[in-house]
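Colleague: task: produce atomic coordinates for the following.
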Amino acid sequence: MKADTYLKKLYANRFDSRQMQAKRVLWQVLVDDFLQNYVPSESAVLDIGGGYCEFINQIRAAKKCLIDLNPDSKLFANPDVNVLNIDVLNLDNSQVFSKHFDRIFISNFFEHLRTKEELVEIISFCFDALNPGGSLLVIQPNFKYSYKEYYDFIDHQLPITHLALQELLETVGFEIDVMIPRFLPFSTKGRPASPLLLKVYLKLPFLWQFLGGQMFVKASKFS
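Modeller: Coordinates of the predicted model:
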């Protein structure tokens, strides 16, 4: 089975159409009640690996761009989103990525990488693609608090903790503005999708310490 065919079948099996619609509603709450606070409306924003466009379609920004290998991403993207089907891990010298952004967003992507070297490459790409003063926003399963269920998904490969990610970000040149080791629950799969419950959850950070299995990080480039 070809890789792209396998991935389509994997995600179709993981989330049916009803669950996909429920996820979009939850993403709208997450964007409106939390993430938009970190994205000025005049920003140029890049979403890496956000194939279903749940973030990039709903964030308010002056310019919006998405990078994903899946050509079907263009089917999900709103008209104001520029979709680029490129591989940031295989940009050769003749394929220079010259765009620069004020915010880069990455969600639930790093765990699919094969090696730590690939993670270093992605973080370095983000640093180079940001304008001075720009920020990288990451939502990511935190292996420290989700190790029991981390490998329940067949495509999870690279375990990452908030401490390891912080060390890498600072090594590349980022400064950490916000680090929330326990933020969102590990996964919505198999759980009731309630926008109201998510709204309440986001307003009660003390709950994050008990239920959070994913981290949130905001790291900025100042040079």
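Colleague: and stretch 167-184, how far out from the chain's middle?
Modeller: When C-alpha coordinates are averaged (Cα atoms, centre = their mean, to the nearest Å), stretch 167-184 and its chain have centres 14 Å apart.
Colleague: name the element Cys163 belongs to?
Modeller: For residue 163 the amino acid is Leu, not Cys. For Leu163, the host element (DSSP states H and E) is helix 162-172.
Colleague: now do the buried residues in that helix.
Modeller: Neighbour-count burial for helix 162-172, counted by 16 or more other Cβ atoms under 10 Å, picks out 162, 165-166, 168-169, 172. Backbone N, C-alpha and C define where each C-beta goes, glycine included.
Colleague: any chance of JSON lines for the residues you listed, columns distance to Leu137 and pLDDT?
Modeller: Shown next, in JSON lines, are the buried residues of helix 162-172 (distance: Cβ to Cβ, whole Å; pLDDT from 0 to 100):
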{"residue": "His162", "distance to Leu137": "14", "pLDDT": "98"}
{"residue": "Leu165", "distance to Leu137": "13", "pLDDT": "98"}
{"residue": "Gln166", "distance to Leu137": "14", "pLDDT": "98"}
{"residue": "Leu168", "distance to Leu137": "16", "pLDDT": "98"}
{"residue": "Leu169", "distance to Leu137": "12", "pLDDT": "98"}
{"residue": "Val172", "distance to Leu137": "15", "pLDDT": "97"}
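Colleague: can you pick out the most distant pair from these?
Modeller: The largest separation in those, counting by Cβ to Cβ, is between His162 and Val172 at 15.8 Å.
Colleague: report pLDDT for the spatially most central residue of the chain.
Modeller: Among the residues of the chain, the one closest to the centroid is Ser107, at 1.4 Å (Cα atoms, centre = their mean). We note a pLDDT of 95 for Ser107 in this prediction.
Colleague: need the contact list for it.
Modeller: Taking Cβ atoms under 8 Å, 6 or more residues apart in numbering, we find Ser107 in contact with 49-50, 55, 138-140.
Colleague: nearest to Val25 among those?
Modeller: So of these, ranked by how close each gets to Val25 (Cβ to Cβ), first place is Phe55, at 13.4 Å.
Colleague: reformat the buried residues of helix 162-172 as JSON lines; add distance to Leu69.
Modeller: As requested, those are arranged in JSON lines below (distance: Cβ to Cβ, whole Å):
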{"residue": "His162", "distance to Leu69": "27"}
{"residue": "Leu165", "distance to Leu69": "23"}
{"residue": "Gln166", "distance to Leu69": "27"}
{"residue": "Leu168", "distance to Leu69": "23"}
{"residue": "Leu169", "distance to Leu69": "24"}
{"residue": "Val172", "distance to Leu69": "23"}
